[in-house]
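J.: sequence first, then the predicted structure, then my questions.
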2 protein chains.
Amino acid sequence: MKLKIKQNILMEHLNYAIKGISSKNLIPILNCIKFELTEHGLYLISTDNDIAIKTFIDKKEIDTIDILGEVVISGKYIYDIVRKLPNTIINIEEAVDSRLYIYTENSSFYLNCNLVSDFPQIDLEDHKNPIILTQKVLKTIYLQTAFATSTQETRPILTGINFKINGNIMECTATDSYRLAKKTIKIEENVIEDINVTIPTKNIGELVKMFINEEDQIELHIFNNKIIFKFNNIIMLSSLINGTYPDTSKLIPSEFLIHIQTKLNDIYSAIDRASLLTNESEKNTIRFQSKDNEVVISSNIPEIGNVEEKVCITKENGEDINISFSSKYMMEALKTLETEEVTLLFNSEIKPIIVKSPNNDQLIQLILPIKTY
Amino acid sequence: MKLKIKQNILMEHLNYAIKGISSKNLIPILNCIKFELTEHGLYLISTDNDIAIKTFIDKKEIDTIDILGEVVISGKYIYDIVRKLPNTIINIEEAVDSRLYIYTENSSFYLNCNLVSDFPQIDLEDHKNPIILTQKVLKTIYLQTAFATSTQETRPILTGINFKINGNIMECTATDSYRLAKKTIKIEENVIEDINVTIPTKNIGELVKMFINEEDQIELHIFNNKIIFKFNNIIMLSSLINGTYPDTSKLIPSEFLIHIQTKLNDIYSAIDRASLLTNESEKNTIRFQSKDNEVVISSNIPEIGNVEEKVCITKENGEDINISFSSKYMMEALKTLETEEVTLLFNSEIKPIIVKSPNNDQLIQLILPIKTY
């Protein structure tokens, strides 16, 4: 392998490839990036066995391609070396003794290579019918649901976001069993077979960090045991989580006795302040009591003090509610809404609370109340 | 105590007072801020027994002063509450049962107070002859020397910056016994008695973070066991470190066999890249070999690879040098210089290296070489 390439171009793609490497990996080959120089251009491939990333630099962006070939090289070292080189043309060539020679006018690095045959084979084939979204839509799904994912490894299925597609309706759900976030969108074309897969939340997090132009499209190629994302010149593979995602369709009530509407910023700030006098060990519990056109939000830590916050509300009927819930969960739910007003729906002090934008059911946030005696 | 004050004004001063509190402190009263409302204005005082901070809000900046008095209140809670309140007028008043009542139109907080008599007495008297600097000068001293301070508690005296003043010459020295940073400045007025004190580096770090306008002056009131800094409306007290600072005056050679001059950015980048192939456990050792008008900087990690960097230099005489040192220490020393060119001075491969700006002895960085066999 022998080529000349501009530092900034190689760096842009190393920035993607490095995301496929886990710094915690103890298997040396999984800390490597594979360089594949073909007549079409240069591919960089990395994998930690949970995700894989393949990025492509077209030959038009490479100064000279002298000798085709493949090398496997420590990801961390090649990344740091290219990052710290000045923005000039970098020469990269295989040297004797399986070493890679990286040099510019004043700098020369020799890095020991790993065996190409030791690098995992990764199958990045296309699905016949990929689902096509804009990157923006997928990022919004992530931002509006990921926080509700469980971080506990005791139920692995809850550490992912569930994507359920029937016809042209895609439902994306995350829950840690204390709260639930559900986003529903329409996709362009009907799927032929129903889809129900759960993608590790952290992998979608890594994916959305790679988006450059959110108006661009992204293809989702969904298989039984993996999902492949294709966008711009990048391919990312993610494992899927084994197991059946819990049926959450019956959790969200269809009718509510109490409808409250209020200004999102006002209620958010009031809860944010009230949460100052809560304990994390007690789930940051705050009390929420409506009375006519006002709600009083209160909490206390006996040895420190107490707080009471008042917020104006509009109620659709005469019933009042007196309920307790986690201020942290409520604030995280409120943050996902993009409207000035928020609707809060209740049935009783022991039934789920729904948080959503008025007249919009595309995004539903559900929070379970906390019993206090 | 009873007053009304704008949120932004109180917040500005709480930002200073909170710095006097150590979050690690197990003694509850040392996590508190004392509010002293006098006819002149409001004082906020905090201390963790190592430093103390007293800040003053003039009565002109307070909306109403209704009842004078003193309260002692949890620093963390009053800080967070005021920070999260909107920028309106905040009412603060002592309530029954030793509680402090903090309220605005929609928010009301009650915080339990501590006993005023339990709060430490802090003596913030003036020295007859304070030393006067601009805040900028003191900050520059900190930035150019603090990094060379020892972080090891085994020799506490080396965890501070030594200030030695004779006549109108102030020498500020930091060393961890492997390297040394020394800044010399002239002060306006001669001191009557020689001064030699060592101030904990972390306290100067907290101090310089409070500077707003670096052109403003700061007074240094130096006593046997403490130093008091006065600037703007803020007073900060710091303990001094007990013990005798080592005599470093003989460490810096007065003559050098080898003078090298080069571009600071070029040598910095070359060392930065070479340090990629060094191990922290081996003190990030790099080799530095001059030959005529070029220096070769090299290092290697056998299992990873090796690097060679070339930099053009100007030499004053014909001798070459072949020496090893810590790339980390050299980069930290180079970063303190404010010139485009740097002078490196050597006597032999086992003698101290001096790093400084050409024709300027106000700032001297000394690094001990590392023996390699």
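T.: In hand now; what should we look at? Numbers count the residues shown, from 1 in each chain, chains lettered A, B, ... in the order given.

J.: hey, what's the residue lying closest to A:T314 once chain neighbours are set aside bridged with?
T.: Counting by C-beta to C-beta, 6 or more residues apart in numbering or on different chains, A:Q261 is the residue found nearest to A:T314 once chain neighbours are left out, at 4.6 Å. Glycine gets a C-beta too; all of them are placed from N, C-alpha and C. On DSSP bridges, the residues paired with A:Q261 through beta bridges are A:T314, A:T343.

J.: make sure A:F288 is actually in contact with A:S326.
T.: No. The pair A:F288 / A:S326 is not scored as a contact, 11.1 Å apart, by C-beta atoms under 8 Å.

J.: check what contacts the helix or strand A:L143 falls within and list those residues.
T.: Assigned by DSSP states H and E, A:L143 belongs to helix A:135-145. With contacts defined as C-beta atoms under 8 Å, 6 or more residues apart in numbering or on different chains, helix A:135-145 is touched by A:161, A:172-174, A:181-183, A:185, A:201, A:204-205, A:207-208, A:211, A:213-218, A:231, A:336, A:363.

J.: chain center to stretch A:335-351, what's the gap?
T.: 24 Å (C-alpha atoms, centre = their mean, to the nearest Å).

J.: what about A:N49, helix or strand, and which?
T.: Residue-wise, A:N49 maps onto no helix or strand under DSSP H and E.

J.: quick check: it vs A:I199, distance?
T.: 16 Å (C-beta to C-beta, to the nearest Å).

J.: where in chain A is pLDDT low?
T.: Counting by pLDDT under 70, the ranges of chain A that qualify are A:318, A:373.

J.: what does it put close to chain B?
T.: A:74, A:77, A:80-81, A:84-86, A:99, A:106-112, A:269-270, A:272-273, A:276-277, A:303-311 (C-beta under 8 Å from any C-beta of the partner chain).

J.: quick check: A:I234 touching A:S46?
T.: No. Look at A:I234 against A:S46 with C-beta under 8 Å: they stay out of range, at 11.6 Å.

J.: joint contacts of these two?
T.: Common neighbours of A:I234 and A:S46 (criterion: C-beta under 8 Å, 6+ apart): A:I53.

J.: out of those two, which sits in the busier spot?
T.: Counted by other C-beta atoms under 10 Å in any protein chain shown, A:I234 and A:S46 do not tie: A:S46 has more neighbours, with 25 against 21.

J.: and the more buried one, what element?
T.: Here A:S46 is assigned to strand A:41-47, by DSSP H and E.

J.: repeat that for A:K34.
T.: strand A:32-37.

J.: and that strand, what does it pack onto?
T.: Helices and strands touching strand A:32-37, by 3 or more C-beta pairs under 8 Å, 6 or more residues apart in numbering or on different chains; DSSP states H and E, are strand A:41-47, strand A:69-74, helix A:75-84.

J.: among those, which is the most enclosed?
T.: strand A:41-47 (a mean of 22; mean count of other C-beta atoms under 10 Å in any protein chain shown).

J.: can you give me the helices in chain A?
T.: Per DSSP state H, chain A carries helices over the ranges A:7-17, A:75-84, A:135-145, A:201-209, A:264-274, A:327-335.

J.: quick one: those helices as CSV, columns for distance to B:A95 too.
T.: As requested, these are exported to CSV (distance: least, C-beta to C-beta, whole Å):
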stretch, distance to B:A95
helix A:7-17, 57
helix A:75-84, 58
helix A:135-145, 43
helix A:201-209, 46
helix A:264-274, 19
helix A:327-335, 25
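
J.: tilt between the strand holding A:K34 and strand A:69-74?
T.: With axes from the mean of the first three to the mean of the last three C-alpha atoms, to 10 degrees applied, the angle from strand A:32-37 to strand A:69-74 works out at 160 degrees.

J.: and strand A:32-37, which strands flank it?
T.: When DSSP bridges is applied, strand A:32-37 pairs with strand A:41-47 (antiparallel), strand A:69-74 (antiparallel).

J.: now stretch A:244-251: buried residues?
T.: Going by neighbour count (16 or more other C-beta atoms under 10 Å in any protein chain shown), the buried part of stretch A:244-251 is A:245, A:248.

J.: hang on, A:H13 packs against A:L44?
T.: Yes. In this structure, A:H13 is within contact of A:L44 by C-beta under 8 Å, at 5.4 Å.

J.: tell me which of A:F288 and A:S326 has more neighbours.
T.: The residue with more neighbours, out of A:F288 and A:S326, is A:F288; 28 against 23, by other C-beta under 10 Å.

J.: give the contact list for the more buried one.
T.: Residues counted as contacts of A:F288 (C-beta under 8 Å, 6+ apart) are A:295-297, A:321-325.

J.: 10 Å instead?
T.: Counting by C-beta atoms under 10 Å, 6 or more residues apart in numbering or on different chains, A:F288 touches A:260, A:267, A:270-271, A:274, A:295-299, A:309, A:311, A:321-325, A:327, A:330, A:344, A:346, A:349, A:353, A:369.

J.: mutual contacts of A:H13 and A:L44, please.
T.: Contacts common to A:H13 and A:L44, judged by C-beta under 10 Å, 6+ apart, are A:33, A:53, A:55-57, A:234.

J.: kindly indicate which of these lies nearest chain B.
T.: Chain B lies nearest to A:I33 out of those, by C-beta to the nearest C-beta, at 14.2 Å.

J.: who's that closest one bridged to?
T.: Where A:I33 sits in a bridge, its partners, by DSSP bridges, are A:I73.

J.: that one reaches A:I73, doesn't it?
T.: Yes. Between A:I33 and A:I73 there is a contact under C-beta atoms under 10 Å: 6.0 Å.

J.: what residues do these two have in common as contacts?
T.: A:Y79.

J.: bridge partners for the closest residue to A:E303 other than its chain neighbours, pull those for me.
T.: Leaving aside its chain neighbours, A:E303 sits nearest to B:N112 (6.9 Å; criterion: C-beta to C-beta, 6+ apart). Under DSSP bridges, the beta-bridge partners of B:N112 are B:R99.

J.: B:N112: what's it in contact with?
T.: Neighbours of B:N112 in contact, by C-beta under 10 Å, 6+ apart: A:301-306, B:73-74, B:77, B:97-100.

J.: tabulate those residues in TSV, adding columns for distance to B:L124.
T.: Shown next, in TSV, are the contacts of B:N112 (distance: C-beta to C-beta, whole Å):
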residue	distance to B:L124
A:I301	33
A:P302	35
A:E303	31
A:I304	29
A:G305	29
A:N306	35
B:I73	20
B:S74	23
B:Y77	25
B:D97	32
B:S98	26
B:R99	29
B:L100	24
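
J.: ok, those vs B:I21, which is closest?
T.: Lowest distance from B:I21 to the contacts of B:N112 (C-beta to C-beta) belongs to B:S74, with 9.4 Å.

J.: how about A:K335: what's its closest non-neighbour residue?
T.: Excluding its sequence neighbours, the residue lying closest to A:K335 (C-beta to C-beta, 6+ apart) is A:Y268, at 7.5 Å.

J.: same check on A:D63?
T.: Using C-beta to C-beta, 6+ apart, the nearest residue to A:D63 is A:K4, at 4.1 Å.

J.: could you check how many residues crowd around that neighbour?
T.: 14.

J.: any idea how far it lies from chain B?
T.: Remark: distance between A:K4 and chain B (C-beta to the nearest C-beta, to the nearest Å) = 19 Å.

J.: which residues touch that residue?
T.: By C-beta under 10 Å, 6+ apart, the neighbours of A:K4 are A:62-66, A:89-93.

J.: with A:D58 instead?
T.: So A:D58 contacts A:9, A:40-42, A:233 (C-beta under 10 Å, 6+ apart).

J.: report the contact partners of the residue in the stretch 101-250 of chain A that chain B sits nearest to.
T.: Chain B sits closest to A:L111 of the stretch 101-250 of chain A, with a gap of 3.9 Å, by C-beta to the nearest C-beta. A:L111 makes contact with A:71, A:73-74, A:77-78, A:81, A:95, A:98-102, B:277, B:304-307, according to C-beta under 10 Å, 6+ apart.

J.: 7 Å - rerun?
T.: A:L111 makes contacts with A:73-74, A:77-78, A:99-100, A:102, B:304-305, as judged by C-beta atoms under 7 Å, 6 or more residues apart in numbering or on different chains.
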